[in-house]
Every structure is written in C-alpha cells, then in structure tokens.
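A.B. asks: quick one, fold the following:
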Amino acid sequence: MRKAQIIDGKAIAENLRAMVAREVAALTSAHGLVPGLAVILVGDDPASRVYVSNKIRQTREAGMNSLEFRLPAETDETTLLAKIAELNADPAVHGILVQIPLPDHIDEATIVAAIDPAKDVDGLHVTNAGLLATGGTGLVPCTPTGCVLLIRHVLGADLSGQEAVIIGRSQLVGRPIAQLLLNENCTVTVAHSRSRDLPEICRRADILVVAVGRPEMVRGDWVKPGATVIDVGINRIPAPEKGEGKTRLVGDVAYEDAAAVAGAITPVPGGVGPMTVACLLRATVIAACRQNGIAIPDF
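C.D. replies: Numbers count the residues shown, from 1 in each chain. This next block holds a predicted model:
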C-alpha cells in the first residue's frame with residue numbers, strides 16, 4: 001500500500017532555527033542588534049512550564065536575549081499590565097509573549113490588547129489580526145506561519161490555485177491560516193462544527209488543515225488522494241496497550257488511515273508542534289528588524 005510522504009516538522013524546524021541563528025549573528029555583527037524576547041508566565045500550569053522552558057532554551061540557542069518573568073498565580077491583572085507596559089517601553093525587548101492560558105481572574109483579551117502590536121510576536125493583537133485580514137504587514141501567529149512553511153516544503157513556493165480546506169475557525173489557528181492561504185492565492189474554504197457534509201468538503205481539498213481539538217476526527221476517506229494534510233491537533237488519549245493509566249498523543253486526523261490516501265502528512269507529535277517555537281524565534285527577528293529600520297531577512 002502506498003504511504004504518504006511524512007512531513008518532518010522537527011527537521012524543518014531545526015533548519016529554520018539554524019537560519020534564525022545565522023540572521024541573529026549577522027544582525028549583531030552588522031548593527032550591534034541582539035533581538036530580545038520576553039516571556040511572561042503567570043501561575044504554575046505544568047504544560048505551560050514546559051512550553052516556556054522550550055522557548056527560553058531555543059531563544060538562547062539562537063543567540064538572542066531571553067527574558068523570563070514567572071509570576072505567581074494570584075498575580076492581579078493590574079500588576080501584569082504594569083509589567084507589560086514596562087516591557088513595551090524597553091528598547092532591548094523586541095518581542096513579548098504572555099503564555100496562555102492565564103488564571104481565571106485575568107482577562108486574556110485585556111492582556112493581549114495591552115501588548116505593543118510591534119512586539120506582539122504571538123500575532124494576536126487586534127491590530128495584527130486586522131493587518132493580516134486586509135493584506136497588510138504585521139506580525140502573524142506562529143502556528144499558522146509554521147503550517148504554511150510546511151505546505152511550501154511539500155508543494156513549493158507557489159501555492160496559486162490550490163484548493164485549501166481548513167477545519168476550525170479559531171482566532172489562533174483557523175482564521176489566520178485561512179488569511180495566509182488566501183494571500184498565497186489559494187481557494188480557501190473554512191469548515192467548522194456547523195458545516196454540512198464535512199467529509200465531502202474535505203474531499204475537495206488539495207491542502208487540508210485540521211485544527212479542531214477532536215482526536216482522530218478526520219478519517220482516511222475524508223482525504224482527497226494525493227492531498228497535503230496538516231494536522232494541528234494535539235490530543236492525549238488513553239493507551240491501555242502501554243499499561244494501566246498510560247496515554248499517548250494523537251492528532252485530529254486518524255494518521256494511519258489518512259497516510260494511506262494523502263500525498264503528504266504531518267505526524268503527531270513531530271509535525272506542526274516544533275514549527276511553532278521556530279516561527280516564534282523568526283517573528284522576534286522580524287520584529288527587531290522592523291523596530292530598528294533594518295531590512296527583514298528572507299527566511
């Protein structure tokens with residue numbers, strides 16, 4: 001049975017991080033500029049701790065300045081806003097990331113709105129969302145950026161005319177990746193929980209991006225033969241075959257089913273996930289260049 005090409009996000013992300021490190025070295029040598037990324041973690045969520053540690057390690061490995069602020073879970077919104085204002089005003093900080101989720105007593109929208117859009121490397125500020133929606137130049141969410149880079153790795157730089165279907169319409173992934181693919185001259189359909197005959201919609205797609213948070217929802221017979229499938233989902237499910245109480249990670253796509261039909265597919269883990277942090281580093285370099293009037297590297 002023919003199997004799809006496995007899109008090795010880990011290797012592609014490693015290559016992107018190496019490119020970022022070279023650009024950081026060039027910026028430092030030519031302009032005395034060291035891009036700086038500030039990460040704020042409020043509380044002690046275990047998954048968030050791991051994500052933040054990975055971001056900090058990879059930021060430093062790329063030669064950038066990494067600033068870490070770990071605040072207790074009881075930190076009030078006013079204190080957090082004051083820290084963001086301080087970082088907004090610091091010329092050595094080019095990117096600011098507040099790790100989500102935040103404790104329930106802090107309003108995430110208020111916090112995102114407080115970040116200087118020029119330093120919003122998560123690309124979630126309404127200004128950056130508006131620029132993306134209108135074809136302008138802003139900072140773009142990292143996971144959608146990574147998805148497009150993976151698609152280009154398979155299909156090349158010119159995606160014109162490709163029919164793309166995105167399942168999921170979140171502000172973090174679904175909506176921005178739809179805008180990015182529109183900007184690539186794809187024909188884009190955004191499907192969601194209210195879409196009728198979702199399998200039939202998916203079977204039209206040359207590019208299928210799935211970001212719904214439902215384990216293995218998309219089956220092989222939903223996939224057009226030869227399609228490029230990008231699985232953004234990360235779901236932990238029971239794995240009794242590994243022993244009592246054990247779990248494993250799966251995506252939103254039934255991998256083995258889809259791999260028998262698709263032309264190329266991202267695995268979970270090892271597909272989209274590694275690209276997110278690599279694209280965060282890339283966004284920080286872009287932000288640093290824009291803030292200092294320096295040409296943005298082509299990477």
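A.B. asks: mind listing what's buried in the strand or helix carrying residue 146?
C.D. replies: Assigned by DSSP states H and E, residue 146 belongs to helix 142-155. Neighbour counts over helix 142-155 (16 or more other Cβ atoms under 10 Å) mark 142-151, 153-155 as buried. (Each C-beta comes from the backbone N, C-alpha and C, glycine too.)
A.B. asks: what comes into contact with it?
C.D. replies: 5, 7, 9, 12-13, 16, 121-123, 159, 162, 172-173, 176-177, 180-181, 184, 207, 209, 228, 230, 232, 263-264, 266, 271-272, 275-280, 282-283 (Cβ atoms under 8 Å, 6 or more residues apart in numbering).
A.B. asks: which of these count as buried?
C.D. replies: For the contacts of helix 142-155, buried by 16+ other Cβ under 10 Å: 7, 9, 12-13, 16, 121-123, 159, 162, 172-173, 176-177, 180-181, 184, 207, 209, 228, 230, 232, 263-264, 266, 271-272, 275-280, 282-283.
A.B. asks: of those, which belong to strands?
C.D. replies: Among those, the members found in strands (DSSP state E) are 207, 209, 228, 230, 264.
A.B. asks: can I get the buried residues of helix 142-155 in CSV with pLDDT and distance to residue 193?
C.D. replies: Conversion of those to CSV gives the following (pLDDT from 0 to 100; distance: Cβ to Cβ, whole Å):
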residue, pLDDT, distance to residue 193
142, 97, 25
143, 97, 20
144, 98, 20
145, 98, 25
146, 98, 24
147, 98, 20
148, 98, 24
149, 98, 28
150, 98, 25
151, 98, 24
153, 97, 30
154, 97, 28
155, 98, 28
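A.B. asks: need the longest helix for this protein.
C.D. replies: helix 9-31 (DSSP state H).
A.B. asks: and that helix with helix 142-155, angle?
C.D. replies: 110 degrees (axes from the mean of the first three to the mean of the last three Cα atoms, to 10 degrees).
A.B. asks: then helix 9-31 to PDB, C-alphas only?
C.D. replies: The C-alpha trace of helix 9-31 is given here as PDB (Å, rounded to 0.1, in the frame of the first residue of the first chain):
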ATOM      1  CA  GLY A   9       8.400  19.200  11.100                       C
ATOM      2  CA  LYS A  10      11.200  18.500  13.600                       C
ATOM      3  CA  ALA A  11      13.900  18.600  10.800                       C
ATOM      4  CA  ILE A  12      12.300  21.600   9.000                       C
ATOM      5  CA  ALA A  13      12.100  23.500  12.300                       C
ATOM      6  CA  GLU A  14      15.700  22.700  13.100                       C
ATOM      7  CA  ASN A  15      16.700  24.100   9.700                       C
ATOM      8  CA  LEU A  16      14.600  27.300  10.400                       C
ATOM      9  CA  ARG A  17      16.200  27.700  13.800                       C
ATOM     10  CA  ALA A  18      19.700  27.500  12.200                       C
ATOM     11  CA  MET A  19      18.700  30.200   9.700                       C
ATOM     12  CA  VAL A  20      17.400  32.300  12.500                       C
ATOM     13  CA  ALA A  21      20.700  31.900  14.400                       C
ATOM     14  CA  ARG A  22      22.700  33.000  11.300                       C
ATOM     15  CA  GLU A  23      20.500  36.100  10.900                       C
ATOM     16  CA  VAL A  24      20.900  36.900  14.600                       C
ATOM     17  CA  ALA A  25      24.700  36.700  14.300                       C
ATOM     18  CA  ALA A  26      24.600  38.900  11.200                       C
ATOM     19  CA  LEU A  27      22.400  41.500  12.900                       C
ATOM     20  CA  THR A  28      24.700  41.500  15.900                       C
ATOM     21  CA  SER A  29      27.800  41.900  13.800                       C
ATOM     22  CA  ALA A  30      26.500  44.500  11.300                       C
ATOM     23  CA  HIS A  31      24.200  46.600  13.600                       C
END
